[in-house]
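> Dropping the sequence and predicted coords here.
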Amino acid sequence: MGEPLVDRFARVHRDLRISLTDRCSLRCTYCMPEQGNEWLARQSILTLDEIVEIATVAAAAGITTFRLTGGEPLLRTDLVEIVRRLAAIESPDGPIEIAMTTNGIRLPEVLPDLVAAGLARLNISLDTLDRERFRALTRRDRLDDVLDGVRAAQASGLRPLKINAVAMRGVNDDELADLVAFAVAHDAQMRFIEQMPLDAGHTWDRSSMVTREEILEALSARWSLDPVPGRGGAPAERWRLDGGPHTVGVIASVTAPFCGACDRMRLTADGQLRNCLFSIDEYDLLPVLRSEMSPGARAERIDRVLRNCIAGKKAGHAIDDPGFLQPARGMNAIGG
């Protein structure tokens, strides 16, 4: 224990994505079906203490960022306490940073307490500014609630504030520039994500995906785009808009993957470790967490599972390989 989490390609892992639930207040078409979802059994969902136990071991192994995801993390009634407990953990390199990805619904009522508990960064998902499109895409009429969440985030002072959108052909590809302008008006960074094969229905089609180059071409009609150097292990490439200070990012996981610099691992809401979003293999922590072992023995076993997970990480996600298999879980069950 205590050694960094380094895989066989010399990638040092610093970021743990923790899914808190597979449930969500929306039903985005690229994530889950509208009906008939097979939710994780409630008894399999990690408790607050179990999340903290895993996170403490991960921090000792060099993890410096915990990003809370789902499903929708704001559905966890103990979310504020989760943030407070995680923020109190220290890694060998100092305090842990707590980030969260959310659809923004309920942010106005809970964000002040989350910030007080230690939340440091926030990403809000927003794929369209058009009410009818939003309703068709999410199968819920909640655009006003999401926009209220964006305004609450802007007022909170959390920076950088990021707004994420999945770019989809024939769905929102005609409002990419409008989304950027909206983000700029709310002192946020817009980030576009290439649609990935992670829908529960396994209906992903490359031809419906708007590529990095198409996104940049659309934005170049309104702004000059200057590359921001020093990407490091970040998933998004960034460009300054008309020289700055505002920027836009593109996460081109399909056409320009960043696997070579990936420093992330994932923990599902039911205690499965994953070394890649597209991984077929999972490493089960529940038997360890719910065993009769002493706390010290459990910590050693958790550390071993973390290292086994990283040791099995491949060089890349292999979406372009003929033998690529889409994960059985949808995005909501893996964790965004």
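Okay, I see it. Treat the numbers as computed from the prediction; the structure is a model and nothing was measured.

> and the nearest residue to I124 once chain neighbours are set aside, what does it touch?
In space, and not counting its chain neighbours, I124 is closest to G104: 4.5 Å by Cβ to Cβ, 6 or more residues apart in numbering. Where C-beta positions appear, they are placed from N, C-alpha and C, glycine not excepted. Residues near G104 by Cβ atoms under 8 Å, 6 or more residues apart in numbering: 124-126, 145-150, 152-153.

> how about the strands in the stretch 151-300 of the chain?
161-167, 189-194, 225-227, 237-241, 247-251, 264-267, 272-274, 283-284 (DSSP state E, counting those that start in this stretch).

> who wins for proximity to P4 among the ones you listed?
Closest approach to P4 among the strands of the stretch 151-300 of the chain (Cβ to Cβ): strand 264-267, 12.6 Å.

> tell me the mean pLDDT over that closest one?
Per-residue pLDDT over strand 264-267 has a mean of 96.

> So which residues make contact with that strand?
Residues contacting strand 264-267 (Cβ under 8 Å, 6+ apart): 5, 13, 15-19, 46, 51, 54, 273-277, 285, 306, 309-310, 334-335.

> so is the residue nearest to I124 in a helix, a strand, or just coil?
coil (DSSP: H, G, I helix; E, B strand; the rest coil).

> Also the one 4 residues further on?
Classification of P108 using three-state DSSP returns helix.

> From E109, how far off is the residue nearest to it when sequence neighbours are not counted?
In this structure, P108 finds its nearest non-sequential neighbour in A152, 4.2 Å apart by Cβ to Cβ, 6+ apart. Going from A152 to E109 by Cβ to Cβ, to the nearest Å gives 9 Å.

> Repeat that for T102.
T102 is 13 Å from E109, where distance means Cβ to Cβ.

> The two - which one has more neighbours?
T102 (27 against 12; other Cβ atoms under 10 Å).

> before we move on, the earlier item: just the ones of the contacts of G104 in helices?
145-150, 152-153 (DSSP state H).

> Mean confidence (pLDDT) on stretch 274-292, please.
Taken as a whole, stretch 274-292 carries a mean pLDDT of 94.

> looking at this, E53 is in a helix?
Yes - when three-state DSSP is applied, E53 is found to be in a helix.

> Assess the claim that it and S291 are in contact.
No - taking contacts as Cβ atoms under 8 Å, E53 lies outside contact range of S291: 11.8 Å.

> three-state assignment of L129?
Under three-state DSSP, L129 comes out as coil.

> Look at it and say how many residues are nearby.
Applying other Cβ under 10 Å, we find 17 residues neighbouring L129.

> For it, which residues are in contact?
143, 175, 178-179, 182 are the contacts of L129 under Cβ under 8 Å, 6+ apart.

> And the contacts of the lengthiest helix in the chain?
In terms of residue count, the longest helix belonging to the chain (DSSP H) is helix 295-311. Applying Cβ under 8 Å, 6+ apart, the contact partners of helix 295-311 are 1, 5-8, 13, 53-54, 56-58, 60-61, 265, 273-275, 283-285, 288-289, 291, 293.

> would you turn the strands of the stretch 151-300 of the chain into JSON lines with distance to L137?
Compiled in JSON lines, these are given as follows (distance: least, Cβ to Cβ, whole Å):
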{"stretch": "strand 161-167", "distance to L137": "9"}
{"stretch": "strand 189-194", "distance to L137": "14"}
{"stretch": "strand 225-227", "distance to L137": "26"}
{"stretch": "strand 237-241", "distance to L137": "25"}
{"stretch": "strand 247-251", "distance to L137": "18"}
{"stretch": "strand 264-267", "distance to L137": "25"}
{"stretch": "strand 272-274", "distance to L137": "26"}
{"stretch": "strand 283-284", "distance to L137": "33"}
